[in-house]
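1. please find the sequence and the predicted model below.
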Number of protein chains: 2
Amino acid sequence: MEDVAALAAVSAMTVSRALRDPTSVNTETRLRIEAAIDATGYVPNRIAGSLASRRTNVVGLIVPSLRNSLFAETIQGVSDALGALHPLMIADSGYALAGEEAAIRAFLAQRICGIVLHNTQHTTRSRTMLEDAGIPCVETGNLTERPLDMTVGFSNFDAACAMTEYLIARGYKNIGFVSLPIRDNDRAAERRAGFLAAHERRGLVPDRELLLESPPGLRSGGHALATLIERVPAVDAVFLSGDVLATGALLEANRRGLDVPNRIAIVGSDDNELQEAVSPPLTTLRFPRYQIGHQAADMLMKQLRNRSRDISRLDLGYELIERASA
Amino acid sequence: MEDVAALAAVSAMTVSRALRDPTSVNTETRLRIEAAIDATGYVPNRIAGSLASRRTNVVGLIVPSLRNSLFAETIQGVSDALGALHPLMIADSGYALAGEEAAIRAFLAQRICGIVLHNTQHTTRSRTMLEDAGIPCVETGNLTERPLDMTVGFSNFDAACAMTEYLIARGYKNIGFVSLPIRDNDRAAERRAGFLAAHERRGLVPDRELLLESPPGLRSGGHALATLIERVPAVDAVFLSGDVLATGALLEANRRGLDVPNRIAIVGSDDNELQEAVSPPLTTLRFPRYQIGHQAADMLMKQLRNRSRDISRLDLGYELIERASA
DNA sequence: ACTCTCGATGTTAGCGCAAACATAAACGCG
DNA sequence: CGCGTTTATGTTTGCGCTAACATCGAGAGT
């Protein structure tokens, strides 16, 4: 920076100012400085700047998995909202609370200015670290009642409940429910709770044999369908809530020559192009995952500027997409 | 850190050492320091550390898009290989060279210690910035002859060539080729070149009418198939190289009642669970995307330690997965 | 006993910036 | 015309750590 300052015949401080707030220096001076930067190929050192100002503009994001395309939507939303102003540091928790804690610790050491979490369950240590750090934090993935700081998303409970009531209303009697493993996964747990609540509201008692946990994956969805049919031959509908499980189940049903939806209805969640393209097209829940990421980052940035929060809980809802599979 | 040092009755320097290399301090001292860290809730400031040591341990990664599940595999590979030692900063270029340049500039300001790029085309400014920065750089996505520094991946040219020769060998005469838009996408360009080269090797002249560029997406693959059939009714095979184009085309063929592979063969690339699950299962190319990310990060870290490179070009190859669609 | 080495720790200085304050010139206004 | 006020820039200091060197005692070899 000294070199640039010398070349532009100003002090380093003026260069620093020109870089951070171009309006704060005289236009002529600014142009001289810009020319000097160009000539020297100077690249500002944000590390030094961050140390001096005691804050960075880096935002941290922790998702359960990086390879899951669902989270990819949210990641893209966050990245787009942050734009060029805030570099993005990403880590995956591996669906484990301990993994999240390790990532939080690493991020705090990097003195991130804010954090987005795709989880609402945390170790106590994670909680205290985040509180002590005093940085804005947005939890996404599931809308909790008592967020650490801010939260944006949709209610997995409500969504699953709505889908289940939809199936009940259409006359299905023996409805199976398949979710991802519930351990350390509040989203899956909420959905199962929603499934059960819908039955309770209608005065029905769900068959526990029809509740299943399944790893993610297309094939896994097929297995889940097979398991449920074997356990309870009378099953007439299955709600597979997670990833591409429903698509896998549908393909399996087709393979077995089961008539969907007359012999068995299949519905899913996390709508995507594929679910519409299969035959019959799947009735699913659609979640605004990109928007969640975008809004989360927006809320974070707003709080970084204002130092005052306007909303701390934002429900972006869900859509039930009716197609031919139920 | 002063607090920790006082509590452990040592100097700040010893605390710093204990943190960076626990073996360099006496075991008793280390335990006292660890206890003090625990008691005070001290979180090291890597920003200050980085400034003093003039290096960070942050690795940068730039992909064309964050929402694309193909890149997600590579991202996960990079993240897993880096582990807890190296925080990961991610940006997307939006499939644009200018976007990549902006991300590189931002990363260099953050003084990343190394970078992984999923692209082998760069603006001249990008190139000079990376050279001047003098940090290790791994290019993935397409194996270039003259990498900036290191490269790991597979040859899109070879893979497309092999698939095309496979189709030719099976007797298909009018082979269509669909790729993603080629502008600023060396991978798509290489694949088309491979397609053309395979014809040339066999002394065939491909019909230019059968070359198509298509945006990504399932539906888009269907459209591409429709377009090719309309243009050249005699088309008897289509190679859709990119994303889920082939799956979309297959679903469209099924919808139209076209016999695959007897009326028309459909083959794709980027194998995944879905391509195996559709009917008929798709013949595709499989690329080791996770491994590419993992190896790229490994090469980066090895060079950060050794300061000497052992390999600068690593071909992880591809597989041609034969199934029933051709 | 004397140096020599080596492990363990301390001291000094400075990384490259930005906050806070200082300065200096230009401006407006009664 | 003198005063406060504003705009544009400079100076000093320190952010929290680590590199480099200094120190200091314990053990080894002769």
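-> Sure, I can see it.

2. going forward, measure contacts between C-alpha atoms and count neighbours the same way
-> Will do.

3. near chain B, which residues of the stretch 101-250 of chain A are found?
-> A:102-103, A:105-111, A:217-219, A:248 (Cα under 8 Å from any Cα of the partner chain).

4. the same query, at a cut-off of 6 Å, please.
-> By Cα under 6 Å from any Cα of the partner chain, the residues of the stretch 101-250 of chain A that approach chain B are A:109, A:110.

5. what's in contact with the worst-scoring helix or strand of chain A on mean pLDDT?
-> The least trusted helix or strand in chain A, going by mean pLDDT, DSSP states H and E, turns out to be helix A:273-277, with a mean of 85. When contacts are defined by Cα atoms under 6 Å, 6 or more residues apart in numbering or on different chains, helix A:273-277 is touched by residues A:281, A:282.

6. interface residues of the stretch 1-150 of chain A facing DNA strand D?
-> Within the stretch 1-150 of chain A, the positions near DNA strand D by Cα under 7 Å from any atom of the strand are A:9-14, A:24-26, A:29, A:48, A:51-54.

7. can you do 6 Å?
-> A:10, A:11, A:13, A:14, A:24, A:25, A:26, A:29, A:51, A:52 (Cα under 6 Å from any atom of the strand).

8. if we can go back for a sec, and the next helix or strand after the least confident helix or strand of chain A, average pLDDT?
-> Per DSSP states H and E, the first helix or strand lying C-terminal to helix A:273-277 is strand A:283-286. What strand A:283-286 shows for mean pLDDT is 96.

9. chain center to strand A:283-286: distance?
-> 17 Å (Cα atoms, centre = their mean, to the nearest Å).

10. repeat that for stretch A:50-57.
-> With Cα atoms, centre = their mean, you get 28 Å for stretch A:50-57.

11. can that stretch be found next to DNA strand C?
-> Yes: Stretch A:50-57 is in contact with DNA strand C by Cα under 6 Å from any atom of the strand, via A:51, A:52, A:53.

12. buried ones in that stretch?
-> Residues of stretch A:50-57 classed as buried: A:50, A:51, A:56, A:57 (neighbour count, 16 or more other Cα atoms under 10 Å in any protein chain shown).

13. what's next to that stretch, contact-wise?
-> By Cα under 6 Å, 6+ apart, the surrounding residues in contact with stretch A:50-57 are A:86, A:112, A:113, B:48.

14. please apply the same query to stretch A:81-97.
-> Outside stretch A:81-97, the residues touching it (Cα under 6 Å, 6+ apart) are A:57-65, A:99-100, A:122, A:294, A:297, B:88-90.

15. which stretches of the stretch 201-326 of chain A have low pLDDT?
-> Along the stretch 201-326 of chain A, segments meeting pLDDT under 70 span A:307-310.

16. helices along that one, start to end?
-> A:218-231, A:245-255, A:273-277, A:289-306 (DSSP state H, counting those that start in this stretch).

17. which parts of the longest one are buried?
-> Across helix A:289-306, burial judged by 16+ other Cα under 10 Å covers A:289-301, A:303-304.

18. which members of those residues are the farthest-apart pair?
-> With distances taken as Cα to Cα, the most widely separated pair in the buried residues of helix A:289-306 is A:289 and A:304, at 22.9 Å.

19. what about the contacts of stretch A:81-97, which are in helices?
-> Among the contacts of stretch A:81-97, DSSP state H puts A:99, A:100, A:294, A:297 in helices.
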